[in-house]
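**Q** generate coordinates for the sequence data below:
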Amino acid sequence: ADNGLLIYNYRTDIYEEPETQLPTDIRAILVHDGMLWLGTLNGLYTYSLNDHQLSAVTEGIPHQTIYSLIRSSDGLLYIGTYNGFCRYIPATRHFEEIDLPLSGNRSNQFVNSLLEDTARGYIWIGTEGCLFRYTPADGRTQR
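**A** Have a look, this model is predicted:
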């Protein structure tokens with residue numbers, strides 16, 4: 001592919017193009033249960049590795065430009081966007097926006113990296129201007 005995504009087949013040692021045309025502006029990828037979650041400059045998509053179906057997931061995301069994705073140990077999907085942070089709850093198919101403390105610099109809303117700290121029960125949130133610690137157990141976010 002000139003742009004976008006190639007899938008590596010380790011059995012044949014060959015990179016393959018997906019059977020479905022996928023977005024070319026992918027910024028983050030997550031794989032879980034035969035599903036690729038694709039964070040792009042134009043939204044969040046799922047791509048089934050089994051039936052090769054592509055679906056847009058748009059309702060409730062704070063911004064359509066997605067830069068980071070993680071799946072936490074409790075099964076939730078956390079999403080970092082150009083303008084904020086949210087989580088997706090698969091059981092309800094609902095997004096919940098999670099507020100980040102504002103500073104004088106709006107760039108702290110551009111979430112470009114996420115990491116789960118399972119030992120301490122935190123989600124670390126990296127932005128252009130700050131590092132935040134989110135505690136899912138009590139919903140608190142701290143700089």
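**Q** mind giving me the packing neighbours of the helix or strand hosting Glu96?
**A** Using DSSP states H and E, Glu96 maps to strand 94-98. Packing partners of strand 94-98 (3 or more CB pairs under 8 Å, 6 or more residues apart in numbering; DSSP states H and E): strand 84-89. Where C-beta positions appear, they are placed from N, C-alpha and C, glycine not excepted.
**Q** so which bits of the strand it packs on are buried?
**A** For strand 84-89, the neighbour count (16 or more other CB atoms under 10 Å) marks 84-88 as buried.
**Q** repeat for stretch 59-70
**A** Buried residues in stretch 59-70, counted by 16+ other CB under 10 Å: 61-70.
**Q** against Asn112, how distant is Thr81?
**A** Thr81 sits 10 Å away from Asn112, going by CB to CB, to the nearest Å.
**Q** joint contacts of these two?
**A** Tyr67 (CB atoms under 8 Å, 6 or more residues apart in numbering).
**Q** pick the one among the buried residues of strand 84-89 closest to Arg133.
**A** Comparing the buried residues of strand 84-89 against Arg133 with CB to CB places Phe85 closest, at 12.0 Å.
**Q** which pLDDT value belongs to Asn108?
**A** With respect to pLDDT, Asn108 has a value of 67.
**Q** do the same with Gln64
**A** Predicted confidence (pLDDT) for Gln64: 90.
**Q** how about it: what's its closest non-neighbour residue?
**A** Spatial nearest neighbour of Gln64, chain neighbours left out: Gly43 (4.6 Å); criterion: CB to CB, 6 or more residues apart in numbering.
**Q** in the sheet, who's paired with the residue nearest to the spatial centre of the chain?
**A** Taking CA atoms, centre = their mean, the centroid of the chain lies closest to Leu69, which sits 2.2 Å from it. According to DSSP bridges, the residues that bridge with Leu69 are Ile79.
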